[in-house]
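Colleague: Okay, predicted coordinates and the sequence, questions at the end:
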Amino acid sequence: MMVSNTTGRVFLVGAGPGAVDLLTLRAARLLGEATAVVHDGLVSDAIMALVPASALRISVAKRRARHTLSQAAIGDLLVELALAGHAVVRLKGGDPFIFGRGGEEVDACAAAGVPVEVVPGISSAQGAGAATLMPLTHRDHASIVSFVAGECRGLAAQNWVGLAGPGRTLVIYMGLAGSEAIADKLIADGLTPDTPVAVIERATRHDQRLFRSLLADLSGLIARAGVTSPALIIVGAVARLGVADSEILTLAEAAPCPIS
Ligand code: SAH
């Protein structure tokens, strides 16, 4: 392992939405040169296979209500590894600067005088659109696209007015748990209950699934299909486009959709 007394460097690298060949060439090169990799839970084994066997691998997986390391502790860890001389790759799902807390990690490195670089990744919104043939913008359907965080905590304080509706695509990250409140919020903001929605689970992975319904049925759809994280919710006319829905084998036994 190449560890010297000189200060190392931190690379905040976007791992993309899952498929190994959706990494950038720069990300792949830096992974191959890393002496320490600090990764979160969304990073696939196939991507981790690019890391040299001799490199340190540290998982800081974060799941709802089960944090293994606080954000401050992750910043401290990156700084500590870099000061020990490591070439540190901080590997994050998607893009580091889209709901990736990359800004906080840049600040932690900068405050400690540790050189830091950011390598963009394909965000799950882009991966999900491509993998389901669902364009996020389309001249006939949407000319505005917004990315929002649908975490239940803090949802009420967010102002989404104008982000969704005719001619717009709203992509909601981290929205599964709060899906009922999300639909209520959008309807209260003026969206019609029959606005198309799509839910894309594990986009770009071999077992990705896509389900569609209408806004008023969003949480019902998620429950019937048994959607689990990671998944994106897409609201707007483009949600009707793309490949066919995944089959829901248990649908016949499930409650009927309230809107048809
Ligand atoms: N930086 C990441 C987002 C991190 S927030 C990015 O740019 O994609 C975590 C959320 O991203 C998840 O809750 C989910 O909403 C979404 N997500 C990440 N990977 C995904 C995937 N393969 N399919 C669908 N959604 C995904």
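Modeller: That came through, no problem.
Colleague: Count the residues that sit near H206.
Modeller: 7 (other Cβ atoms under 10 Å). For every residue, glycine as well, the C-beta is placed using N, CA and C.
Colleague: tell me which element A223 is part of?
Modeller: A223 belongs to helix 218-225 when assigned by DSSP states H and E.
Colleague: Does anything pack onto that helix? Which helices or strands?
Modeller: On a contact count with 3 or more Cβ pairs under 8 Å, 6 or more residues apart in numbering; DSSP states H and E, helix 218-225 meets helix 179-188, strand 196-201, strand 209-214.
Colleague: please redo it, this time with the cut-off set to 6 Å
Modeller: helix 179-188, strand 209-214 (3 or more Cβ pairs under 6 Å, 6 or more residues apart in numbering; DSSP states H and E).
Colleague: of the ones you listed, which approaches G85 most closely?
Modeller: Each of those has some distance to G85 by Cβ to Cβ; the shortest is strand 209-214, at 43.8 Å.
Colleague: give me phi/psi at the closest residue to the ligand within the chain?
Modeller: Residue of the chain nearest the ligand, by Cβ to the nearest ligand atom: G94 (1.9 Å). The phi/psi pair for G94 (degrees, to the nearest 10) reads phi 70, psi -130.
Colleague: quick one: it and S123 touch, right?
Modeller: Yes: counting by Cβ atoms under 6 Å, G94 touches S123, with 4.4 Å between them.
Colleague: Can you name the residues of the stretch 151-260 of the chain that neighbour the ligand?
Modeller: Proximity of the stretch 151-260 of the chain to the ligand, by Cβ under 6 Å from any ligand atom, involves residues 173-174, 200, 202-205, 229-232.
Colleague: change it to 5 Å
Modeller: 173-174, 203, 230-232 (Cβ under 5 Å from any ligand atom).
Colleague: Can you pick out the most distant pair from those residues?
Modeller: M174 and A203 (13.9 Å).
Colleague: Mind picking out the helix or strand in this structure with the poorest mean pLDDT?
Modeller: strand 66-67 (a mean of 58; mean pLDDT, DSSP states H and E).
Colleague: So which residues on the stretch 1-150 of the chain come close to the ligand?
Modeller: 17-18, 93-95, 98-100, 123-124.
Colleague: State the mean pLDDT of stretch 96-110.
Modeller: Averaged across stretch 96-110, pLDDT comes to 96.
Colleague: now the end-to-end length of that stretch.
Modeller: 16 Å (Cα to Cα, to the nearest Å).
Colleague: what comes up buried for that stretch?
Modeller: 96-102, 105-106, 108-109 (16 or more other Cβ atoms under 10 Å).
Colleague: mind giving me TSV with those and columns for distance to Q71 and secondary structure?
Modeller: As requested, the buried residues of stretch 96-110 are arranged in TSV below (distance: Cβ to Cβ, whole Å; DSSP: H, G, I helix; E, B strand; the rest coil):
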residue	distance to Q71	secondary structure
P96	13	coil
F97	15	coil
I98	16	coil
F99	13	coil
G100	11	coil
R101	6	coil
G102	11	helix
E105	8	helix
V106	12	helix
A108	9	helix
C109	13	helix
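Colleague: mind putting those in JSON lines, distance to L186 included?
Modeller: Formatted as JSON lines, the buried residues of stretch 96-110 follow (distance: Cβ to Cβ, whole Å):
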{"residue": "P96", "distance to L186": "28"}
{"residue": "F97", "distance to L186": "25"}
{"residue": "I98", "distance to L186": "21"}
{"residue": "F99", "distance to L186": "19"}
{"residue": "G100", "distance to L186": "25"}
{"residue": "R101", "distance to L186": "25"}
{"residue": "G102", "distance to L186": "28"}
{"residue": "E105", "distance to L186": "32"}
{"residue": "V106", "distance to L186": "32"}
{"residue": "A108", "distance to L186": "35"}
{"residue": "C109", "distance to L186": "37"}
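Colleague: Can you tell me what sits against the lengthiest helix in the chain?
Modeller: What stands out as the longest helix in the chain, according to DSSP state H, is helix 71-83. With Cβ atoms under 6 Å, 6 or more residues apart in numbering as the contact definition, helix 71-83 has outside contacts at 7-8, 10, 36, 60, 88, 90, 101, 104-105, 108, 112, 114.
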